[in-house]
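1. Task: produce atomic coordinates for the following.
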Amino acid sequence: MLTAVLRRSAVRARPLRPLHGLARNDSGAAAVEFALVAAPFLALLVGLFQTALVFLAGRELDQAVAQASRYVMTGQAQNANMTQSQFSSWVCQNIYALFNCNNLMVNVQTYNSFSSATTSAPTLTYNAQGKVTNNWSYNPGGPGDIVVVQVLYQWPVVLGPLGFNLSNLANGSRLLTSTAVFKNEPY
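-> This next block holds a predicted model:
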């Protein structure tokens, strides 16, 4: 009986049988499909995470500028005779661990009217080492003055997969800018 089974299987065996079975075999299809879909999916996840982190950092910077603006608007910064570095440190205390406080750029200017106030982000200039060389002013003004408080930060951006890139500076970083314009209270 064993010889009869072996003869039948030998008669049925054909040289193209393994190739024919391979075409119908789908045991590795899931692995191949995952390999095709995984790269774009992971790129989408990295881009989504990076975008969320940039928006979170921008929101934190906005919150810190709002608190710093209240400090100037109510005259507390002026009454304490704060210097620019002290004010920058005060702003940094209101920012969570997302930022490197040494890289904050604080610009406080006083204007005569709201229409003359400049709120556009200043053009950054760099030295040979890539450090920002702008001179930032610090003039919190007096009672009734129009004040513009700007805090800028160069957020490092990892080059995104599939060409997704959030940078808006030549050095590959994203310039986060938060601005507040207000009139100082009579203090």
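
2. where does the residue positioned nearest the centre of the chain sit relative to V149, distance-wise?
-> The centroid of the chain falls nearest to V54 when counting by C-alpha atoms, centre = their mean (2.5 Å). Per C-beta to C-beta, to the nearest Å, V54 is found 21 Å from V149. Using the backbone N, CA and C atoms, a C-beta is placed for each residue, glycine as well.

3. where do the helices sit along this structure?
-> Using DSSP state H, the helices of the chain run over 2-12, 17-24, 29-73, 76-79, 84-93.

4. show me where pLDDT drops low in this protein?
-> Counting by pLDDT under 70, the chain contains low-confidence ranges at 1-26, 159-163.

5. how about TSV for the helices of the chain, with distance to L169 added?
-> Converted to TSV, the helices of the chain look like this (distance: least, C-beta to C-beta, whole Å):
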stretch	distance to L169
helix 2-12	70
helix 17-24	53
helix 29-73	13
helix 76-79	29
helix 84-93	21
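
6. among the ones you listed, which is nearest V157?
-> Minimum separation from V157 across these (C-beta to C-beta) falls at helix 29-73, 7.0 Å.

7. what's the closest one packed up against?
-> Judged by 3 or more C-beta pairs under 8 Å, 6 or more residues apart in numbering; DSSP states H and E, the packing partners of helix 29-73 are helix 84-93, strand 146-156, strand 173-183.

8. pull the CA atoms of the last one into PDB?
-> The C-alpha atoms that make up strand 173-183 are tabulated as PDB, following Å, rounded to 0.1, in the frame of the first residue of the first chain:
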ATOM      1  CA  SER A 173      14.800  75.900  12.700                       C
ATOM      2  CA  ARG A 174      11.300  77.300  13.100                       C
ATOM      3  CA  LEU A 175      11.100  80.900  14.400                       C
ATOM      4  CA  LEU A 176       8.400  81.000  17.100                       C
ATOM      5  CA  THR A 177       7.300  84.500  17.700                       C
ATOM      6  CA  SER A 178       4.800  85.800  20.300                       C
ATOM      7  CA  THR A 179       3.800  89.400  20.400                       C
ATOM      8  CA  ALA A 180       1.600  91.400  22.800                       C
ATOM      9  CA  VAL A 181       0.600  95.100  22.300                       C
ATOM     10  CA  PHE A 182      -0.900  97.000  25.100                       C
ATOM     11  CA  LYS A 183      -1.200 100.400  26.800                       C
END
